[in-house]
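J.: below are the sequence and a predicted model; questions follow.
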Amino acid sequence: MLRAAALNMVKGRRTSGASTITMQVVRLLEPRKRTYFNKILESFRALQLEFHYSKEEILLMYLNRVPYGGNIEGIKAASLLYFGKLPQLLSLAEIMALTIVPNRPSGLQPGRRNEELIQARNRWLLRFEKANLFDKNVIQDALREPLVIRRLAAPRLAPHFSQRLKKEFPDQKIVRSNLNLHLQRQIEGQVKNYINRLNGMNIHNAAVLVVNNETMAVEAYVGSADFFNPYDGGQVDGIRAVRSPGSTLKPLLYATAFDKGMLTPRSVVYDVPTNFAGYEPENFDQRFNGAVTAGFALSHSLNIPAVRILRDMGTAGLVGQLRKAGFRTVARQEKDLGLSMILGGCGVTLEELTRLFAVFSNKGKFRDLRYIQEHNNVRGSTLISEESSFLLNNILTQVTRPDLPTQFDNTYHLPRIAWKTGTSYGKRDAWSVGYNKKFTVGVWVGNFSGQGVPELSGANTATPLLFSVFNSLDYNSEKGWYTMPQNVALRKVCAVTGDIPSDFCSNQITDYYIMGVSSYQKCRHLKWVYTDKNGEMSYCTYCLPEKDYEKRALPDIAPELVAYYEIQKIPYPKLPPHNPACERVFHEGAPMIISPNDGSEYYIRKDEAPQLQLSCQAQSDAQEVFWYLNDKLFKKAGPQDVVFINPPLGRVKISCSDDKGRNTDIWIDVKRM
């Protein structure tokens, strides 16, 4: 050091340097400008290292940080990037070549100055031979060994996953993940090839998450179709991107309803036009199906029955379930969520959805995903019952459903799985999440820009990729499926309502139910009605004559179903009109006003005469309804007739009475803009 300092002072410039391995470690740890003061400081820091660490530890620090040209640091990185193997697998000639590069990183840069590197390597090998450090034949073999060295591409496996682990474990030197490397590469290729085929439809990205149901280990994590595609947002992690879930939350809603005793798979629900306090949802195909079973409604992803079930359950019940299942965005949006959340009016991630569907496979037990091996598989909490999971699995394995892909190529090798699809509003997101006993797979397809595509749908866009992934995962899966829990049994129910049969239920079918939980309500699709001999007039007990009457079982049809039959011109059995001479006033079953909405505000322009629609749903025995405006008769109409009014400004009372005297009142506010 003194010699180098003296030479530099005499020459007036830096002509020589001097440092120990320890001092070089200090410089690598704390880079500074090369000045005399910093040299003194480095010497002091080197003494500190010598006092605290052994020579082997200091040498290890040096080897892990020494520069190898370009942006390569450390002998392990150099070995992998120049030779494609770990340092312990290198030959003597290869080790020697790497060892001398740090002396002259620019002059001996591998891949560019291989001839100079070979000459320098051989000089050192001859020195080793002269010093008898190795056998002569070993040295001769090393001298004859050609130097095949070039800069290799750095590993780029699971880039989204790697970035995630680096961020979550910044201080952990080695992170051992649960990824299946072979499976990861295979699915990355599948996703990229699949999206390449969809590019012509302006669909540019997809994400896939694969979870092992037994261990909850994440075995494949594909965040986008091509991480290195900057034009289509390739570096966006689709696993964690918040998107609209479409209909993918419906299975949890139905499973929760099963656990609350509200439904069984054969319970009849109504898929008819319905106004939920101003919210009027439609089905994906913009059609209605009338009275259907709960199993049919879920497997066909009907929207109106789902909204009706959520209304009866309460949004707080579903939000509570989603909070327990770890849906963070839903938890933040809780105060703003309404009935539309079951049709996609909330934010979820593919990670959250896949973890939720793993619950259905694991008998209702919720467990966190395991990304790294150090995470223990803790016991999960119960989200839904085992019995409810079984009922759900039976419904979601049906293949006679509209969300089965329409192309033969996509269904020829149909795997044995339960799955559910979803398509967000505006066709921006296509989802398909499926599971069997071994795996749960979540698939999202769309554009990270949020651009909608008319061809985008969960059935025809996301499900083919789901089937492809499952066939590569578990093509020869075991034949066994989920067994029926002890607390689930079969019973006879009325085919018309799904309730326990009454005396007049002639058409009975078999249905699963949860013992001690499912409702035991008796069927009431018919009711006893007193009529005249010809069945042309009905009587109540108040006006029942002493003779010439009969007791008949006639249909008791819900008002919303009656309205649907009338609109669609579907014939249905009607109750005979009530005795016009009867003076009894009825109280139960008043008409339900569906337009306008009770408590709403309506704004009108100054230059326009307002037209407000009046409509209701009345009982099947009502022949006429009477509309009142601020307690004054406005118009007499049929129960399904649409009436228009010009309301006055201010608070307005609107009343609707049927010909049985049953009445409903609502209030609205009419204001000028």
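T.: Noted; the coordinates are in hand. Keep in mind it's a predicted model, so treat the numbers as computed, not measured.
J.: list the contacts of stretch 272-282.
T.: Residues from elsewhere that reach stretch 272-282 (Cβ atoms under 8 Å, 6 or more residues apart in numbering): 288, 290, 303-304, 307-308, 311, 338-340, 343, 560-561, 563-564, 567, 594-595, 597-598, 600. Using the backbone N, CA and C atoms, a C-beta is placed for each residue, glycine as well.
J.: roughly how far out does it sit from the chain middle?
T.: 26 Å (Cα atoms, centre = their mean, to the nearest Å).
J.: just stretch 590-597 next, same as before
T.: With Cα atoms, centre = their mean, you get 37 Å for stretch 590-597.
J.: ok, stretch 429-436 next?
T.: Per Cα atoms, centre = their mean, the centroid offset for stretch 429-436 relative to its chain is 8 Å.
J.: what's the answer for stretch 546-561, then?
T.: That offset, for stretch 546-561, works out to 48 Å (Cα atoms, centre = their mean).
J.: what mean pLDDT does it get?
T.: Mean pLDDT, stretch 546-561: 87.
J.: mind checking the end-to-end distance for that stretch?
T.: With Cα to Cα, to the nearest Å as the measure, stretch 546-561 spans 34 Å from end to end.
J.: what comes up buried for it?
T.: Buried positions in stretch 546-561, judged by neighbour count with 16 or more other Cβ atoms under 10 Å: 554, 555, 556, 557, 558, 559, 560, 561.
J.: next: stretch 661-673.
T.: Residues 662, 663, 664, 666, 668, 670 are the ones in stretch 661-673 that count as buried (16+ other Cβ under 10 Å).
J.: tell me the contacts of residue 256?
T.: Residue 256 touches 313, 317, 318, 321, 384, 388, counting by Cβ under 8 Å, 6+ apart.
J.: what sits closest to the second one if chain neighbours are left out?
T.: Leaving aside its chain neighbours, residue 317 sits nearest to residue 256 (6.6 Å; criterion: Cβ to Cβ, 6 or more residues apart in numbering).
J.: so how far is residue 658 from the one you found?
T.: According to Cβ to Cβ, to the nearest Å, residue 256 stands 36 Å off from residue 658.
J.: follow-up on the earlier one: farthest-separated two in the buried residues of stretch 546-561?
T.: 554 and 560 (18.6 Å; Cβ to Cβ).
J.: confirm residue 590 sits in a strand?
T.: No. Residue 590: not assigned to a strand; according to DSSP: H, G, I helix; E, B strand; the rest coil it is coil.
J.: please report how far it lies from residue 254.
T.: 31 Å.
J.: now intersect the contacts of stretch 272-282 with the helices, please.
T.: 303, 304, 307, 308, 311, 560, 561, 563, 564, 567 (DSSP state H).
J.: what's the burial count for the third one?
T.: For residue 307, the count of nearby residues is 22 (other Cβ atoms under 10 Å).
J.: hang on, it packs against residue 341?
T.: No. Counting by Cβ atoms under 8 Å, residue 307 does not reach residue 341; the two are 9.7 Å apart.
J.: residue 618 versus the closest residue in space to residue 590 that isn't next to it in sequence, what's the distance?
T.: Leaving aside its sequence neighbours, residue 590 sits nearest to residue 662 (Cβ to Cβ, 6+ apart; 3.8 Å). Computed as Cβ to Cβ, the residue 662 to residue 618 distance reads 8 Å.
J.: what's the overlap in contacts for these two?
T.: Common neighbours of residue 662 and residue 618 (Cβ under 8 Å, 6+ apart) are residue 591.
J.: re earlier: how about the ones in helices among the contacts of stretch 272-282 in a markdown table, adding distance to residue 217?
T.: A markdown table is the format used below for those (distance: Cβ to Cβ, whole Å):
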| residue | distance to residue 217 |
| --- | --- |
| 303 | 35 |
| 304 | 39 |
| 307 | 37 |
| 308 | 39 |
| 311 | 39 |
| 560 | 48 |
| 561 | 49 |
| 563 | 52 |
| 564 | 49 |
| 567 | 53 |
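J.: looking at these, spot the one nearest residue 462.
T.: Closest to residue 462, out of all of the ones in helices among the contacts of stretch 272-282 and judged by Cβ to Cβ, is residue 303, at 18.5 Å.
J.: please name the residues that touch residue 66.
T.: Contacts for residue 66 (Cβ under 8 Å, 6+ apart) come out as 24, 28, 73, 74, 75, 102.
J.: could those residues go into CSV alongside neighbour count, pLDDT and distance to residue 66?
T.: Formatted as CSV, the contacts of residue 66 follow (neighbours: other Cβ atoms under 10 Å; pLDDT from 0 to 100; distance: Cβ to Cβ, whole Å):
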residue, neighbour count, pLDDT, distance to residue 66
24, 18, 85, 8
28, 16, 84, 7
73, 15, 85, 7
74, 17, 87, 7
75, 22, 88, 7
102, 17, 83, 5
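J.: report the rounded mean pLDDT for stretch 608-622.
T.: pLDDT averaged over stretch 608-622 gives 83.
J.: buried residues, it. List them.
T.: So stretch 608-622, judged by 16+ other Cβ under 10 Å, has buried residues 610, 612, 614, 615, 616, 617, 618, 619, 620, 621, 622.
J.: what's the last one in contact with, if anything?
T.: Spelled out, it's residue 622. Taking Cβ under 8 Å, 6+ apart as the test, what residue 622 contacts is 591, 639, 658, 659, 660, 662.
J.: can you classify it as helix, strand or coil?
T.: Going by three-state DSSP: residue 622 is coil.
J.: residue contacts, the nearest residue to residue 24 once chain neighbours are set aside?
T.: Leaving out its chain neighbours, the residue that sits closest to residue 24 by Cβ to Cβ, 6+ apart is residue 62, at 6.3 Å. Counting by Cβ under 8 Å, 6+ apart, residue 62 touches 21, 24, 25, 28.
J.: kindly report the same for residue 526.
T.: Taking Cβ under 8 Å, 6+ apart as the test, what residue 526 contacts is 502, 504, 553, 554, 555, 556.
J.: what's the angle between the one helix or strand the third one maps to and helix 559-568?
T.: Per DSSP states H and E, residue 553 falls inside strand 549-555. Taking axes from the mean of the first three to the mean of the last three Cα atoms, to 10 degrees, strand 549-555 and helix 559-568 form an angle of 80 degrees between their directions.
J.: going forward, count from 19.
T.: Done: numbering now begins at 19, and the last item shifts to strand 567-573.
J.: could you say what helices and strands strand 567-573 packs with?
T.: strand 544-550 (3 or more Cβ pairs under 8 Å, 6 or more residues apart in numbering; DSSP states H and E).
J.: buried set for the strand it packs on?
T.: So strand 544-550, judged by 16+ other Cβ under 10 Å, has buried residues 544, 547, 548, 549.
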